[in-house]
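# got a predicted structure here, sequence first:
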Amino acid sequence: MKITDLITWFEAWANPAWCESWDNCGWQIEPGVLQEETRVLVCLTPTLAVMEEAIAENANLIFAHHPLIFNPLKSLRTGEAIAEMVRLAFTHNIGIYTGHTNFDQVQDGTADVLAQILELKEVTPIELTQGGLGYGRVGLLEPFLTLQELLATIQTRLAPPNLIFSPTADLQQTISRVAVLGGSGASYISAVAKTGAQAYLTSDCKFHQFQESRDRNLILIDAGHYATERPACDRLVQKFQSLNLDWVQLSQKDEDFRQFFA
């Protein structure tokens, strides 16, 4: 499969037209690789470490969830990370493509994979967008879990370096309905509260957002950006593998940019 065919397949599934106006989906760098046989390295975030991995593996496409170029660039200068990524991409003929907010909405996208990991049933989007798709997922736990059991399940299955949750008087309370949204999902707290979910798994939550959740009788669970979105990258590798590409691999140099001192 040529790179142009892979991108056509992906965009038929996760249309870049669904990308939010503030986002930057699609090609970040295309140095003339469209007609090459696909050797793709999938990652959460395109970094210099991932680029070096792609060079070492002789990959010709980095397929990332997070955009390389998010805000308009005013310059490209030696010593800057994005400038170095651009230089290496053209020097080694490696394209960089991003599926971001379009990938968040689809079946088997970031939110859907989280719901599957928690084995949620009767799943629906937190917020509908188009065609039955949307941001986040909310569904039922079967069987029900105590809050302590739910937290332990998240810790085991996502392995976050630090799991934060809002104040609660009872870790033994029964949780039957859970909402999930990979990445920064605090802006959906109000929408989640309207779904009847008792707990909400997401990331990048601030101090007063935990207060807001408590005031709405919603248990906010922050497992970190990397832990909540990296599983969808693994699922994307599996889907690419089903297409019989020449070579596809999940990056081993992808990074969680937060570390916690024990």
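Here it is on my side, so go on.
# count of neighbours near residue 99?
Applying other Cβ atoms under 10 Å, we find 27 residues neighbouring residue 99. The C-beta positions use only the backbone N, C-alpha and C, and glycine is treated the same way.
# and for residue 259?
Residue neighbour count, defined by other Cβ under 10 Å, stands at 9 for residue 259.
# now residue 69. Nearest residue, chain neighbours left out?
Spatial nearest neighbour of residue 69, chain neighbours left out: residue 28 (5.4 Å); criterion: Cβ to Cβ, 6 or more residues apart in numbering.
# the helix or strand that contains the one you found: which residues count as buried?
For residue 28, the host element (DSSP states H and E) is strand 26-29. Residues of strand 26-29 classed as buried by neighbour count (16 or more other Cβ atoms under 10 Å): 26, 28, 29.
# ok, now which ones touch the first one?
Neighbour list for residue 26: 16, 19, 97, 98 [criterion: Cβ atoms under 8 Å, 6 or more residues apart in numbering].
# farthest pair within the residues you listed?
Pairwise distances across the contacts of residue 26 (Cβ to Cβ) peak at 12.6 Å, for the pair 19 and 97.
# tell me which of those two has more neighbours.
With neighbours defined as other Cβ under 10 Å, residue 19 and residue 97 compare such that residue 97 has more, 25 against 21.
# mind listing what that one touches?
Taking Cβ under 8 Å, 6+ apart, we find residue 97 in contact with 7, 26, 27, 28, 30, 61, 62, 63, 64.
# how close does the residue nearest to the spatial centre of the chain get to residue 66?
The residue lying closest to the centre of the chain (Cα atoms, centre = their mean) is residue 229, at 3.1 Å. Residue 229 sits 8 Å away from residue 66, taking Cβ to Cβ, to the nearest Å as the criterion.
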